[in-house]
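Curious how this folds, go ahead:
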Amino acid sequence: GTDIAGGYSPSMLNACRLTVINSRALGQAKAYNAQCAPVTDEELSYKHAFYLATRGGAHALDLHDDIGTFTKGKKFDAIILSADPINIDIFDTDTIEDVFQKICCLGDDRNVRRVFVQGKCVINKEKK
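A predicted model of the protein is given here:
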């Protein structure tokens, strides 16, 4: 949804990670101040943070007709990620959602395999 994640890192994965962490901290602070149980319905999930970085960002910028999904005819800007065990442990019992959350929590430039901008592959780290 954006070319610049803001803050100290240009990584969208890092922006998603920090969004989830901050939403949880905010929920805990509200709960502490209200002297009640943690407010969980206001906390963002990794799936929702990823949505905000992709389709949500496109909607926020009113560009959802041009970007944000893999629909034919839209501009194709995408990053292909891998969960190879470079920095992420994947177990046989992990679901696809578990792997996705691990990529969101631990992923970095080592997990980027290919980068497409305007439909053109500009980075290709695929093993040949």
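
Surely Asp65 is in a strand?
No: residue state for Asp65 (DSSP: H, G, I helix; E, B strand; the rest coil) corresponds to coil; a strand is not indicated.

Could you report the distance from it to Cys16?
Distance, Asp65 to Cys16, by CB to CB, to the nearest Å: 24 Å. (Each C-beta comes from the backbone N, C-alpha and C, glycine too.)

Find the residue closest to the residue nearest the centre of the chain in space, skipping its chain neighbours.
Geometric centre of the chain, nearest residue: Phe50, 3.6 Å, by CA atoms, centre = their mean. Closest residue to Phe50 apart from its sequence neighbours, by CB to CB, 6 or more residues apart in numbering: Cys16 at 5.6 Å.

Over to Thr69?
Arg55 (6.1 Å).

Tell me the confidence at the one you found?
Arg55 carries a pLDDT score of 88 in this model.

Can you verify my assumption that it contacts Thr71?
No: Arg55 is beyond contact range of Thr71, at 10.5 Å (criterion: CB atoms under 8 Å).

Which one of the two is surrounded by more residues?
Neighbours were counted for Arg55 and for Thr71 using other CB atoms under 10 Å; Arg55 has more, 15 against 10.
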